[in-house]
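Engineer: Below: sequence and its predicted model.
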Amino acid sequence: HDNSVKSPAIPSTRLWIGGRWQEGRGGADIPIYDPSTEQIITSVANASLEDGIAAVDAAEAAAASWAATPPRQRGEVLRRAFELMTARAESIAQLISLENGKALIDARGEVAYAAEFLRWYAEEAVRLGGEIGRAPSGAYNIVVQHEPVGIALLITPWNFPAAMATRKIAPALAAGCTCILKPATETPLTAYAMAEIFAEAGVPDGVVNVLTTGSAGKVTGAILKDPRVRKLSFTGSTEVGRILLREAAQQVLNCSMELGGNAPFVVMADADLDAALDGAMIAKMRNGGQACTAANRFYVHESLYDKFADGFAERMQALKLDDGILPSTQVGPLINRDAVENSLRLIDDAVSRGAKILTGGTALNRKGFFLTPTVLRDVPADALMMNDEIFAPVAPIASFASEDEAIAAANATEYGLISYLYTQDLARGMRLTSRLQTGMVGLNRGVVSDPAAPFGGMKASGIGREGGHHGILEYIETKYTAVSW
Ligand code: ADP
C-alpha cells in the first residue's frame, strides 16, 4: 500500500528537561513502531532514574517563578500553545496516526479535542476565585484562597497521545504548577511534538518536562519518592493505577486517577432505533474501540434486540479497515500484537459459552495488527468480554426484559466510568441516570468527552475529574486563613 502520505514532521526524540533536549542515561534508545506496518519509525531516548530526578530538579527550579507569574500571562502562554497546535493540526494528526495506528479521521478529531484543553484552561487560568465569610461565632473571618499544589508527575497512555497530555498539562500550567510528563512508551512522538509547541509558545524552561523511559515503573517510582513532587495525575489501566496509588501513599500525594472502564450501552424499548445505532457506532468505534469510554457491553430490550443486532452488524461490516494514515480508512490497526491476540481470546471464550458471531471475529493476514470489526449476540453475563475491558472493535450484545434487569446488569462491574442510555422519554432517562453508578452518562448520545465538562469515573474507574472547572481544582491546594479585622 501507499506509504507516500506518511510525512509528518518528526519532533526531537531526546528527553526534554529544563528547556534542553538531552540524551537518556537509561540504556539503548527505544524503537517506536507503526502499528499499521510493523516498521520502525524512529527511536526515542531512554531515561534513567537520575534523568527522572533531573526532571524534578528542573521542575523545582522553575516552580516559584511560574507560580508567581500573573494568571493572565499563564493563560496567554496556553492560548499561544492552542494557536500553534491548531496551525500544525494536520502534521500532528499524521504523527498520531503514524505511531498509534488510528484512522486519520480519528487523529484529526483528537487534535481538535486536545487543542481545546489548551484554549479552555487559557480561559480558566484567570477564573480561580476564592471565598470569604464570617465565622459563625462572629469573632473572625474565614478567607479561602487557592495555591498551586506543586510539582506534578503526569503519566499518560497511548490511546490519545495528544489529548491525554493536554488534558493534564493545561490545567496544571493554568493553576501555576510545573510538571513532568511521562508519555506511554508506544506513542512518545506526539508528546515531544507537544514539548516543542509549549517551548515555542513561551512556556519557561523547566515548567514542562517530558521524558520517555524503558523502565516506567522504576523511573516514576523514583520521582514519586522525591518529596518535592506533590501531585500525581495518571490515565491508564486500573492495574497500574493501583500500583501507583500504593507508591503515592508514601508521600501522601494528591492523586487524580483516570482508570479502566467497562461501559454499558443500554437501549430501552422506547429508544429511537436509528439514533441508538448511530450512537452505538460512535460509542464503540471512536478510536477503533481503543478508548476507556468505549461501549463494552450492549444491553438491548427484547422488543428491539434482533433489529438492533442486525443493524449494528451491518454497519460494522461496512467499515473500511486499513492502514490508519490512508484517507479512506475508517478503522486502523490495534496498538500491538498482544491486543489482537487478547481480542481473539475474548471472542473464543464468548463463542465457547454460546455467543454467536454476526460479523468479524478474525485477524487480517497481513503486516500490522488488524482485527475485523466484530459483533456478537446472545453473549452470556459470565463471558470474559462482558467483565473485562475489551479495548478493541468488538461489540457483545445481550437482551433484557425489564428496566430493573438492565440497570442491575449495567452496574454489575467494579468499574464506573461511563454508561450510555437510549430512551425517548427524557424524564425516564434522568431517573435512570441517577441509578447508574458511573461518573458520566451519555443520554441519547454516543460521545460525551468535552474539555468544558468534568470527565472521570466512580468505583475502580478512578478518582477526580479532568476538564471543565473541576479539572483545574485537581491542581490546587486550598489555603484557609482565620483572620480578625
Ligand atoms: P494501557 O493498558 O493503556 O497500556 P497502562 O496502565 O499499562 O495502560 O499504561 C499507562 C501508562 O502507565 C503508560 O505511560 C505506561 O508506560 C505507564 N506504566 C505502565 N506500568 C507502569 C508502572 N508500573 N509504573 C508507572 N507507570 C507505568
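Structural biologist: Done, it's in. Numbers count the residues shown, from 1 in each chain.

Engineer: can you give me the offset of stretch 99-108 from its chain's centre?
Structural biologist: 15 Å (C-alpha atoms, centre = their mean, to the nearest Å).

Engineer: Can you list the neighbours in contact with that stretch?
Structural biologist: 32-36, 41, 89-90, 93-94, 96-97, 110, 158-159, 161, 186-190, 286-288, 290, 324-327, 329-335, 368-369 (C-beta atoms under 8 Å, 6 or more residues apart in numbering). Bear in mind the C-beta positions are built from the backbone N, C-alpha and C, glycine included.

Engineer: Stretch 320-340 now?
Structural biologist: Taking C-beta under 8 Å, 6+ apart as the criterion, the residues outside stretch 320-340 that touch it are 1-2, 5-6, 33, 35-37, 94, 97-98, 100-107, 158-159, 186, 285, 288, 290, 319, 343, 363-364, 368-373, 391-393.

Engineer: In space, what's closest to the closest residue to the ligand within the stretch 151-300 of the chain - neighbours in sequence excluded?
Structural biologist: Closest contact between the stretch 151-300 of the chain and the ligand, by C-beta to the nearest ligand atom, is at Gly236 (2.7 Å). Spatial nearest neighbour of Gly236, chain neighbours left out: Pro157 (4.7 Å); criterion: C-beta to C-beta, 6 or more residues apart in numbering.

Engineer: The one you found: helix or strand, and which one exactly?
Structural biologist: Take DSSP states H and E as the rule and Pro157 turns out to sit in neither a helix nor a strand.

Engineer: so what's it up against?
Structural biologist: Met164, Ala184, Thr235, Gly236, Ser237.

Engineer: Does the first one touch Thr235 like I think?
Structural biologist: Yes. Taking contacts as C-beta atoms under 8 Å, Met164 lies within contact range of Thr235: 5.1 Å.

Engineer: Which one's more surrounded, the two?
Structural biologist: When Met164 and Thr235 are compared for neighbours, Met164 comes out ahead with 31 against 25, by other C-beta atoms under 10 Å.

Engineer: Next one, pLDDT for Ser7 please.
Structural biologist: pLDDT recorded at Ser7 is 76.

Engineer: er, Ala172 actually
Structural biologist: Looking at Ala172, its pLDDT stands at 99.

Engineer: That one - how many residues pack around it?
Structural biologist: Counted with other C-beta under 10 Å, residues neighbouring Ala172 total 28.

Engineer: Quickly find the element holding the residue at minimal distance from the centre of the chain.
Structural biologist: Centroid-nearest residue in the chain: Met164, 4.8 Å away (criterion: C-alpha atoms, centre = their mean). According to DSSP H and E, Met164 maps onto helix 163-175.

Engineer: what about dumping the CA coordinates of that helix to CSV?
Structural biologist: As requested, the backbone C-alpha atoms of helix 163-175 are provided in CSV (Å, rounded to 0.1, in the frame of the first residue of the first chain):
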residue,chain,number,x,y,z
ALA,A,163,-5.4,14.7,24.3
MET,A,164,-4.3,12.9,27.4
ALA,A,165,-1.2,15.1,27.6
THR,A,166,-3.0,18.5,27.1
ARG,A,167,-5.9,17.4,29.5
LYS,A,168,-3.2,17.3,32.2
ILE,A,169,-0.6,19.9,31.2
ALA,A,170,-3.1,22.7,30.5
PRO,A,171,-4.8,22.7,33.9
ALA,A,172,-1.5,22.1,35.7
LEU,A,173,0.0,25.2,34.0
ALA,A,174,-3.1,27.3,34.4
ALA,A,175,-3.1,26.5,38.2
